[in-house]
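1. Build me a model:
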Amino acid sequence: MGDAAQATEARTSVTPRAGPPDLVLLSTLSSRRGSSHSTAEPLLNASSNLTLTRPSEPDETQPGAQPPEEDGIVGEDAHPLRERVLPAVRRHLPFLVVLVAGGVLRVVTFVAYQPGLEYAQDSFSYLYDAHHGVPNVIRPEGYAFFLRLVEGLTGQFWAIAAIQHIFGLLIGVMLYVLLSRLGAGRWLAALGAAPILLDSYQVYIEQFVLSETLFAFLVAAAAVLLLWPSKRWASVFAAVAGLALGLATVTRTVGMALLPGAVVFLLLRRSGWRPLLHLVIPAALVVSAYGFWFQSVHGSFGLEQYRGYTLAARVSPFADCRGLRLPPDEAILCDRRPVKQRPGSDVYLWSETAALRRRDGVPGPVRDRSAARFGRRIILHQPFDYAETVIRNFLHYFSPGERVGPKDNSVRPLQFLTTYRPTRWHPEYPPSDPYNTNWTWPKGVTNQVIPARYGFNLAEQEVKVNVPLGRRLRQYQRFGRTPGPLLALGLLVAVAPAIQRVGRERRHRRAGALLLSALGVLVLVMPSAFGALDYRYRLPVLVFVPPAAALGLALAHGRVRRRKLSRSRGAHMARPAGRADMLPVVERPLFDLEDAEVGVGGRAGP
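-> The predicted model follows:
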């Protein structure tokens, strides 16, 4: 009898080991409540797929004992593969599917357009300035430094597009890791990173010699570092984030709007003065160094010397000079035509017939200052017209489809190229007057996108365009994009739950939703205030708004789940306790939000 009882106990006992969390929870609760094995036995026996015994293993101390073999892997080699790699793949499978799909799209795009694509004017100035090391008066040259680095390290022009595609994939990985760390759950984290990985316009822009991809990578890295919940490394992360924001500012001037947003975020978060200084000082050093370099060449401190041109062009479509006493250098900028007959802002900025490009011998910096005074005067004279123009452009980015008006920039340059006719045309660069950029265009060419025939220092090179692949990519672009209304809904979903009061353990999630939403708005406000509508400017929004929406959904779902648990707990306490009530029912949440309370590696999350 004693041997039989011991054998029965050995078969039914649970070996304490790292197993399914439901089993561990039930065992812990049973021990805490003082329940016997017979109390938990009905519930444990109800789970047909729950194994309570470990298979017998040979005693390695006995002679002739052999380790178990599985799938051709012998001994301890099977442990890392089965219990580390495969569970990790299963856990992150939704994101891995999205990541692989984004990688395939980028490989196809890279093969279809070799060695890359160029956007007329912008790409040429970047390539020339990268070779000659001269700051441009129209745009900052952080991207030109990147091109020079790629040229020095690889010497291959195709490496530009390859590295930028890697940047696009890394942005998706960074966002997924951040969202998972903040407790969004694997499904919501994958959804938050999906637009930047699968959006066709984003994939296509990475093939261009343009600064958008580098800018997106820098601001994404800064946002991830600012939101990463770590008190020990807060100052270090803030310093690296400040460096990234400084580099982003000298890459695209819209970065100037993001740095104050990050400073306000740290102030509202009450992070202390050290992280704040660590954020501001590196960013200020980078921007100041560039400003002094610009001053040494052009005589004035700044990132560029073209803001007056852009401001005057922005107000010219609606400017009403009646009743204003303007000096001659500003009066010439007034368009006397009716507002409905006037063109868009880019015509006033780039057309050879525009008043800003008059050939009167006046130096460019002087014309820029006159244009800036004219723009400010019109804004003060017509503040509501200017505000209406900015708001209308801002809201247009969230409208259905990529519709553009007669005064907006065409969306065609952002659509996959499906035709190619070789032309013997070389851009004339640099122009004699950088403020009056004129280009010689081949006859019949109306598209600003051309294959990258002009490489480093604008030297001619061979190009290959796979037209069938381009047509397949254009077909994908019909549905593989992020609709504007979905982005608007994402902003609402992110902000609505975040502005409500949350517990201490969920404050990091709320801070992430609010910061990412604010950066997504700021990255569109500045282009709307100074330039015509161009869907290139909407692409950085994919870095901020979808992850913010994922965090907002996590907050909302967590609040609903807690309410249900409180109601069920109240009902449980109201009725008499029976044997079935001794153990709680373990439910798996819809979006796998168990990481909301426990961080990566089992540590406390926020």
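2. CA only for contacts and neighbour counts going forward, please
-> OK.
3. Where does the prediction get shaky in this protein?
-> Residues of the chain that meet the criterion pLDDT under 70 lie in 1-82, 359, 361, 422-434, 436-448, 498-506, 558-606.
4. Report the central residue of it.
-> Note on the chain: the residue nearest the mean C-alpha position is V543, at 1.8 Å, using CA atoms, centre = their mean.
5. Test my guess that that one contacts A220.
-> Yes. Between V543 and A220 there is a contact at 6.3 Å, judged by CA atoms under 8 Å.
6. and T109, what does it touch?
-> Each residue near T109 by CA atoms under 8 Å, 6 or more residues apart in numbering is listed here: V203, Y204, Q207, L469, G470, L473.
7. er, Q461 I mean
-> A452, R453, Y454, G455.
8. By neighbours, which of those residues wins?
-> Neighbour counts for the contacts of Q461 peak at A452, which has 26 neighbours (criterion: other CA atoms under 10 Å).
9. Look up how far V463 lies from the spatially closest residue to that one that is not a sequence neighbour.
-> Nearest non-adjacent residue to A452, counting by CA to CA, 6 or more residues apart in numbering: L117, 4.7 Å away. With distances taken as CA to CA, to the nearest Å, L117 is found 9 Å from V463.
10. Who has more neighbours out of those two?
-> Per other CA under 10 Å, whichever of L117 and V463 has more neighbours is L117, with 27 against 15.
11. still on that earlier bit, which neighbours do V543 and A220 have in common?
-> Joint contacts of V543 and A220 (CA under 8 Å, 6+ apart) are I171.
12. out of the contacts of T109, who has the most neighbours?
-> Going by other CA under 10 Å, Q207 tops these with 27 neighbours.
13. mind listing what that one touches?
-> Contacts of Q207 (CA under 8 Å, 6+ apart): T109, F110, Y113, G116, L117, A161, A162, Q164, H165.
14. burial of the fourth one, as a residue count?
-> G116 is surrounded by 28 other residues when neighbours are defined as other CA under 10 Å.
15. list the contacts for it?
-> Taking CA under 8 Å, 6+ apart as the criterion, G116 is in contact with F110, F157, W158, I160, A161, Q207, F208, V209, P451, A452.
16. continuing past the helix or strand containing the fourth one, what's the next helix or strand?
-> Secondary structure here is read from DSSP states H and E; on that basis I160 sits in helix 158-181. Using DSSP H and E, the helix or strand that follows helix 158-181 towards the C-terminus is helix 186-198.
17. elements contacting the next helix-or-strand element following that next one?
-> Of the helices and strands lying after helix 186-198 in sequence (DSSP H and E), the nearest is helix 200-205. Packing contacts for helix 200-205, counted by 3 or more CA pairs under 8 Å, 6 or more residues apart in numbering; DSSP states H and E, involve helix 93-112, helix 467-477.
18. how distant is helix 200-205 from the center of its chain?
-> 13 Å (CA atoms, centre = their mean, to the nearest Å).
19. next one: stretch 232-245
-> 18 Å.
20. which residues touch F301?
-> G291, F292, F294, Q295.
21. For the helix or strand containing P260, list the C-alpha coordinates in CSV.
-> Element membership for P260 (DSSP H and E) is helix 255-269. Extracted in CSV, the C-alpha atoms of helix 255-269 (Å, rounded to 0.1, in the frame of the first residue of the first chain):
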residue,chain,number,x,y,z
GLY,A,255,13.1,69.8,-37.4
MET,A,256,13.2,73.2,-35.7
ALA,A,257,9.5,72.7,-34.8
LEU,A,258,10.2,69.3,-33.2
LEU,A,259,12.9,70.3,-30.8
PRO,A,260,10.7,72.7,-28.8
GLY,A,261,8.0,70.0,-28.7
ALA,A,262,10.5,67.6,-27.1
VAL,A,263,11.6,70.3,-24.6
VAL,A,264,7.9,70.9,-23.6
PHE,A,265,7.4,67.2,-23.2
LEU,A,266,10.3,66.8,-20.7
LEU,A,267,9.0,69.8,-18.8
LEU,A,268,5.5,68.5,-18.5
ARG,A,269,6.8,65.1,-17.6
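22. Which neighbouring elements make contact with the helix holding I160?
-> Using 3+ CA pairs under 8 Å, 6+ apart, helix 158-181 sits against helix 93-112, helix 142-153, helix 186-198, helix 212-227, helix 541-574.
23. who wins for proximity to F416 among the ones you listed?
-> helix 93-112 (8.9 Å; CA to CA).
24. Could I get the buried residue list for the closest one?
-> P94, F95, V98, L99, G102, G103, L105, R106, T109, F110, A112 (16 or more other CA atoms under 10 Å).
25. Quick check: the gap between the nearest residue to the second one once chain neighbours are set aside and L285.
-> Distance criterion CA to CA, 6+ apart; nearest residue to F95, sequence neighbours excluded, is A190 at 4.7 Å. As defined by CA to CA, A190 lies at a distance of 36 Å from L285.
26. more neighbours, these two?
-> Neighbours per residue (other CA under 10 Å) separate A190 from L285, with A190 holding more: 28 against 14.
27. ok, now how distant is that one from L175?
-> 9 Å.
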